[in-house]
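Engineer: quick one: sequence plus predicted model below, questions after.
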There are 2 protein chains.
Amino acid sequence: MVGSNLVLFLLNCWRVNLIKNFCIITLQKLDMEDEQVMDALEAILTRRSVRKYTEKEIDDTCIQQLIEAAVSAPSAGNQQPWHFIIIDNRRILDKITEFHPHAKMLKEAKKAILVCGDINLETYKGYWMLDCSAATQNILLAARALGLGACWLGVYPREERIIKLRELLEIPENVIPFSLISLGYPAEKQEKIRREYKSRIHYNKW
Amino acid sequence: MVGSNLVLFLLNCWRVNLIKNFCIITLQKLDMEDEQVMDALEAILTRRSVRKYTEKEIDDTCIQQLIEAAVSAPSAGNQQPWHFIIIDNRRILDKITEFHPHAKMLKEAKKAILVCGDINLETYKGYWMLDCSAATQNILLAARALGLGACWLGVYPREERIIKLRELLEIPENVIPFSLISLGYPAEKQEKIRREYKSRIHYNKW
């Protein structure tokens, strides 16, 4: 009796794995055409900075999903100190390339998101930039999951970039432009790079 | 001819969607028992701070996957200024609760990861804390994807926490303890909370 139960149990494990592997492989194949479903670890490991984009436009639903991902980030004491400026005005995108030294890709980008920190919303001092980083990283990963290419352009703490963006986008004094994310459908492949990490791990002490 | 091609095309779309939906539903059902596969957007939207854990141990493979996720984060000029201290020594975990005001959950946590920034590795000044934030967020999301519960405990920029952790873990002066992530299998449910975000969106200017 125990023996036959064991056989049934093993058969079941095998069947479940078989179905599961079939599903994963099928989804991966389908995802070559349609990037709406992506395994979370896969998205994290294959996200790369994408600086070349196709002509395809990004629809508003995508942008909403990116912002929903952003606001799902954790923040110190749940202070959520962020604001987002969606930029798709060609004149503004081009203008940014005139003062930001690494923003050349905005000439091709379909849209950009400027993540900002509102210091009036900060209740835990000194954490707003960490909260905005987590929100930025969520946008990059959600972009990857949606088949978009994205690149994080540093703004904070570079004073001259902050001042120019504040002026260009009429941002009030209490709000600090933090990071600029260029967006478009990728015209280059995002591939997993296995970075060496063993030398960065320590156990219970340095 | 055009008509029959159209019928074939529509039939094909319908079939692909049917297979895909079957796969997604089956995977979701299987994932109730085994959390190894999770949609990226789902992971981002359902990640919550988890402070209650079960007795189940976390194996080393999981920790390796979390660190691999961490080092896949972007960093300013690709400087990768991070180090990771894996803590599973009960005495050390308990000790941290004596000086960190929000670390009570470490009493239950099976492991913790201290993300550190090495200022000797920083080539783009002022960005190491943003890089470490992105790495921290990747760990939190990878933990969610692996069925773990995690919580980001703030360390930097709180001077007293930095000093105590440096002392406890014998961390050199050039390395700054940045964030502490408590880990365990969740004894509480992580559910999607739809945060209001429309009021945080602006278009082309503030």
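Structural biologist: Received the coordinates, thanks.

Engineer: for A:Ser179, give the beta-bridge partners.
Structural biologist: When bridges are called by DSSP bridges, A:Ser179 pairs up with A:Val115, A:Gly154.

Engineer: state the number of residues packed around it.
Structural biologist: A count of neighbours around A:Ser179, defined by other C-beta atoms under 10 Å in any protein chain shown, yields 23. All C-beta atoms are positioned from the backbone trio N, CA, C, and that covers glycine.

Engineer: which residues does it contact?
Structural biologist: Residues in contact with A:Ser179 (C-beta atoms under 8 Å, 6 or more residues apart in numbering or on different chains) are A:Leu114, A:Val115, A:Cys132, A:Ser133, A:Thr136, A:Trp152, A:Leu153, A:Gly154, A:Val155, A:Tyr156, B:Leu130.

Engineer: using the record's assignment, carve chain A into domains.
Structural biologist: What automatic domain parsing lists as the domains of chain A is A:1-46, A:60-184.

Engineer: TSV please, covering the ones you listed and showing mean pLDDT.
Structural biologist: As requested, those are exported to TSV (pLDDT from 0 to 100):
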stretch	mean pLDDT
domain A:1-46	68
domain A:60-184	98
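
Engineer: residue ranges of the helices in chain A, please?
Structural biologist: Secondary structure of chain A (DSSP state H): helices at A:2-31, A:40-46, A:60-71, A:90-99, A:128-145, A:159-169.

Engineer: any idea how far A:Asn120 is from the residue nearest to A:Thr123 when sequence neighbours are not counted?
Structural biologist: Among residues not flanking A:Thr123 along the chain, A:Gln79 sits closest, at 4.9 Å (C-beta to C-beta, 6 or more residues apart in numbering or on different chains). From A:Gln79 across to A:Asn120, the span is 11 Å (C-beta to C-beta, to the nearest Å).

Engineer: neighbour count winner among the two?
Structural biologist: Counted by other C-beta under 10 Å, A:Gln79 and A:Asn120 do not tie: A:Gln79 has more neighbours, with 15 against 11.

Engineer: residue contacts, that one?
Structural biologist: Here A:Gln79 is in contact with A:Leu121, A:Glu122, A:Thr123, A:Tyr124, A:Tyr127, A:Trp128, A:Asp131 (C-beta under 8 Å, 6+ apart).

Engineer: if any of these are buried, put those into a ChimeraX selection.
Structural biologist: Applying 16 or more other C-beta atoms under 10 Å in any protein chain shown to those leaves a buried subset, and the ChimeraX line that selects it is:
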select /A:121,122,124,127,128,131
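
Engineer: ok, the residue nearest in space to the middle of chain A - contacts?
Structural biologist: Geometric centre of chain A, nearest residue: A:Leu140, 1.2 Å, by C-alpha atoms, centre = their mean. Going by C-beta under 8 Å, 6+ apart, A:Leu140 touches A:Arg47, A:Ala150, A:Trp152, A:Ile181, B:Pro74.

Engineer: now the first one, nearest residue through space, not along the chain?
Structural biologist: Translated: A:Arg47. Nearest to A:Arg47 is A:Arg144, by C-beta to C-beta, 6+ apart, at 4.4 Å.

Engineer: and if you look at the third one?
Structural biologist: Among residues not flanking A:Trp152 along the chain, B:Pro74 sits closest, at 5.3 Å (C-beta to C-beta, 6+ apart).

Engineer: wouldn't A:Ala187 be in contact with A:Lys56 here?
Structural biologist: No - the criterion here is C-beta atoms under 8 Å, and A:Ala187 misses it with A:Lys56 at 9.5 Å.

Engineer: gap between the residue nearest to A:Leu183 when sequence neighbours are not counted and chain B?
Structural biologist: Among residues not flanking A:Leu183 along the chain, A:Lys111 sits closest, at 4.7 Å (C-beta to C-beta, 6+ apart). Per C-beta to the nearest C-beta, to the nearest Å, A:Lys111 is found 10 Å from chain B.

Engineer: one more: A:Asp59?
Structural biologist: Distance, A:Asp59 to chain B, using C-beta to the nearest C-beta: 15 Å.

Engineer: cool, A:Met129 as well?
Structural biologist: 7 Å.

Engineer: A:Lys56: how many residues sit nearby?
Structural biologist: Residues contacting A:Lys56 under the criterion other C-beta under 10 Å number 13.

Engineer: ignore what I typed, I meant A:Ile162.
Structural biologist: Neighbours of A:Ile162 under the rule other C-beta under 10 Å: 17.

Engineer: does it really touch A:Gly154, like I thought?
Structural biologist: No - under the criterion of C-beta under 8 Å, A:Ile162 makes no contact with A:Gly154, lying 10.7 Å away.

Engineer: centre of the chain to stretch A:171-178, how far?
Structural biologist: Distance of stretch A:171-178 from the chain centroid (C-alpha atoms, centre = their mean, to the nearest Å) equals 22 Å.

Engineer: A:Asn89 against B:Asn204, yeah?
Structural biologist: Yes - counting by C-beta under 8 Å, A:Asn89 does reach B:Asn204; the two are 4.6 Å apart.

Engineer: with distance to B:Leu41 and neighbour count added, can I get the contacts of A:Ser179 in TSV?
Structural biologist: Formatted as TSV, the contacts of A:Ser179 follow (distance: C-beta to C-beta, whole Å; neighbours: other C-beta atoms under 10 Å in any protein chain shown):
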residue	distance to B:Leu41	neighbour count
A:Leu114	22	25
A:Val115	18	25
A:Cys132	20	28
A:Ser133	20	28
A:Thr136	16	26
A:Trp152	19	22
A:Leu153	23	20
A:Gly154	26	19
A:Val155	26	22
A:Tyr156	27	22
B:Leu130	23	28
